[in-house]
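Q: Would you be able to build a 3D model of this:
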Amino acid sequence: MTTQDSPQSSGTDREGLVGMLQSYGQDQLVKEVMTAWEDLSSINEEVASLRQQNRVLELDLQEREDIGAPDRARLIRMEEDLRAREARIIHLERMVEDSKKEIEELSVGTGALRVESLEGDNTRLLDEVEEKTGLLVEMEAKVATLVDALEKAAEAGLTSVTAEEVRTLNHELEGTQRELENERSEKSSLEDERDRLRELVEQVRNHLEIRDDRIGELEEQLQRVMSGPRSVSAEHEYLSEQIEELKRRLVDRNREYEALRRRERRLHREVFDRDERIAQLQLTMQDIEAGLSDRTAELKSLEESHDQIIGELNVLRKSEATREVVNKAFRDSLNVVRAHEQIQQRREDAGLPTGLEPIEPEDSDVPSPGGSAPPALRDIDE
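A: Now for the predicted structure:
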């Protein structure tokens, strides 16, 4: 609609202009042409001046572009560097967040579990040490009783165990007690080491909290830098330095954590060595108890043999006394018989009656006691 109306309007204007010019006179037409020519000349001069100004401006712009080309290239490089550093900052922030999560997991998970396991091990060791201490006290009382009995038996000479062996057993027992005291002191040192380890864990946690606060401050500074129109390069360099400092601190914390892990492993090895030494001491105490039991059994067997020997000795003494009485009676009877024989021999030599003739009973029908055999004398030696 508008495209069709515009040629019609221009055609009507032209026709109106032609009709108006035809109505003018020659002088007035010349004046109008000169006025239009002057107007056209002024317009051409203005166009020329404008073109000249435009050229000057173009030259100035070209000059300024030539002058600002290094700055523009520098600005482009700075923008690219800024984008690269922003990407680096984002990457480092992600790394810091990942490291923070890992350290939190390690501090909350592994550290707490390690501390709880160490506390459980310490409680178990305390219970075992108390139980073993009670057993050792009871064993020491028994050993003291047995040692006193052995010393008394050794002094009385009733056992094969000498006083020197008893002293050796006493020295071994004292050495075992000293080793037990050393183990107790080492246990107390382990408890002190565990307390120091707890303090170090608390310090690490405090450092982690400080680092988290510092990371929060850096994030706020990063937000201010991103939102504010200040010097981006200086702030970026400052943030880069802070990030490098955080990386160094993170490396230091990792080293401290590794040192704590190594100390924890060393403590576990020491606890394992202490357990082995305690087991060896228990075996030694068991050997000592077995030796004391053997010595007690030997002492009992020796006491029984001593009682048996004493009984046999009493029996022998009684039998010896009986034998002496019998021998004495035998000697007396033998002397009596010999004296009687000598008397009979003297009577026979003198022709006197010996008194050994058999007595005939008055009643021959009465049987003689002891049978019908003639009486006879028998030598006691036969």
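
Q: Distance check, residue 45 against residue 51.
A: Here residue 45 is placed at a distance of 11 Å from residue 51 (C-beta to C-beta, to the nearest Å). Using the backbone N, CA and C atoms, a C-beta is placed for each residue, glycine as well.

Q: How far off centre is stretch 327-347?
A: The chain centre lies 101 Å from the centre of stretch 327-347; the measure is C-alpha atoms, centre = their mean, to the nearest Å.

Q: Please export the alpha-carbon coordinates of that stretch; PDB is fine.
A: What follows is stretch 327-347, C-alpha atoms only, in PDB (Å, rounded to 0.1, in the frame of the first residue of the first chain):
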ATOM      1  CA  ASN A 327      70.700-112.500 121.500                       C
ATOM      2  CA  LYS A 328      71.200-111.600 125.100                       C
ATOM      3  CA  ALA A 329      68.700-114.200 126.200                       C
ATOM      4  CA  PHE A 330      70.300-116.700 123.900                       C
ATOM      5  CA  ARG A 331      73.700-116.000 125.300                       C
ATOM      6  CA  ASP A 332      72.300-116.300 128.800                       C
ATOM      7  CA  SER A 333      70.600-119.600 128.000                       C
ATOM      8  CA  LEU A 334      73.700-120.800 126.200                       C
ATOM      9  CA  ASN A 335      75.800-119.900 129.200                       C
ATOM     10  CA  VAL A 336      73.300-121.700 131.500                       C
ATOM     11  CA  VAL A 337      73.400-124.800 129.300                       C
ATOM     12  CA  ARG A 338      77.200-124.800 129.200                       C
ATOM     13  CA  ALA A 339      77.400-124.300 132.900                       C
ATOM     14  CA  HIS A 340      74.900-127.100 133.400                       C
ATOM     15  CA  GLU A 341      76.900-129.400 131.000                       C
ATOM     16  CA  GLN A 342      80.000-128.600 132.900                       C
ATOM     17  CA  ILE A 343      78.300-129.400 136.200                       C
ATOM     18  CA  GLN A 344      77.000-132.700 134.700                       C
ATOM     19  CA  GLN A 345      80.400-133.500 133.400                       C
ATOM     20  CA  ARG A 346      81.900-132.900 136.800                       C
ATOM     21  CA  ARG A 347      79.300-135.100 138.400                       C
END
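
Q: Would you mind checking the average pLDDT for that stretch?
A: Mean per-residue pLDDT for stretch 327-347: 86.

Q: cool, stretch 260-270 as well?
A: The model assigns stretch 260-270 a mean pLDDT of 78.

Q: Kindly report the same for stretch 134-148.
A: Mean predicted lDDT for stretch 134-148 stands at 73.

Q: Can you give me the buried ones in that stretch?
A: 136, 139, 140, 143, 146, 147 (16 or more other C-beta atoms under 10 Å).

Q: Repeat that for stretch 203-212.
A: 204, 208, 211.

Q: Can you verify my assumption that the second one contacts residue 256?
A: Just to be clear, that refers to residue 208. No. The pair residue 208 / residue 256 is not scored as a contact, 10.7 Å apart, by C-beta atoms under 8 Å.

Q: Now residue 219: which helix or strand?
A: helix 163-227 (DSSP states H and E).

Q: Going along the chain from that helix, find the next helix or strand for me.
A: Heading C-terminal from helix 163-227, the first helix or strand you meet, by DSSP H and E, is helix 232-350.

Q: ok, back up a step: closest to residue 26 out of the buried residues of stretch 203-212?
A: residue 211 (100.2 Å; C-beta to C-beta).

Q: which ones are touching the closest one?
A: 100, 246, 249, 250, 253 (C-beta atoms under 8 Å, 6 or more residues apart in numbering).

Q: Tell me how many other residues surround the last one.
A: Spelled out, that is residue 253. 16 (other C-beta atoms under 10 Å).

Q: contacting residues for it?
A: Applying C-beta under 8 Å, 6+ apart, the residues contacting residue 253 are 103, 204, 207, 208, 211.

Q: So which residue is smack in the middle of the chain?
A: Computing the C-alpha centroid of the chain and ranking residues by C-alpha atoms, centre = their mean puts residue 268 first, at 3.2 Å.

Q: What's the mean pLDDT across the strand or helix carrying residue 41?
A: Element membership of residue 41, judged by DSSP H and E, is helix 26-105. For helix 26-105, mean pLDDT is 75.

Q: Give me the angle between that helix and helix 232-350.
A: Angle of helix 26-105 versus helix 232-350, following axes from the mean of the first three to the mean of the last three C-alpha atoms, to 10 degrees, is 10 degrees.

Q: helices or strands up against helix 26-105?
A: The helices and strands touching helix 26-105, judged by 3 or more C-beta pairs under 8 Å, 6 or more residues apart in numbering; DSSP states H and E, are helix 163-227, helix 232-350.

Q: Mind doing that once more with 10 Å?
A: helix 2-23, helix 163-227, helix 232-350 (3 or more C-beta pairs under 10 Å, 6 or more residues apart in numbering; DSSP states H and E).

Q: ok and the helix holding residue 219 relative to helix 26-105, angle-wise?
A: Using the same axes, to 10 degrees: helix 163-227 against helix 26-105 is 170 degrees.

Q: Kindly export stretch 178-191 (C-alpha atoms) in PDB.
A: Written as PDB, here are the backbone C-alpha positions of stretch 178-191 (Å, rounded to 0.1, in the frame of the first residue of the first chain):
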ATOM      1  CA  ARG A 178      61.300 -55.700  87.200                       C
ATOM      2  CA  GLU A 179      60.300 -56.600  83.600                       C
ATOM      3  CA  LEU A 180      56.700 -56.300  84.600                       C
ATOM      4  CA  GLU A 181      57.400 -52.900  86.200                       C
ATOM      5  CA  ASN A 182      59.100 -51.900  83.000                       C
ATOM      6  CA  GLU A 183      56.100 -53.100  81.000                       C
ATOM      7  CA  ARG A 184      53.800 -51.000  83.300                       C
ATOM      8  CA  SER A 185      56.000 -47.900  82.700                       C
ATOM      9  CA  GLU A 186      56.000 -48.600  79.000                       C
ATOM     10  CA  LYS A 187      52.200 -48.900  79.200                       C
ATOM     11  CA  SER A 188      52.000 -45.500  80.900                       C
ATOM     12  CA  SER A 189      54.300 -44.000  78.200                       C
ATOM     13  CA  LEU A 190      52.000 -45.500  75.600                       C
ATOM     14  CA  GLU A 191      49.000 -43.900  77.300                       C
END
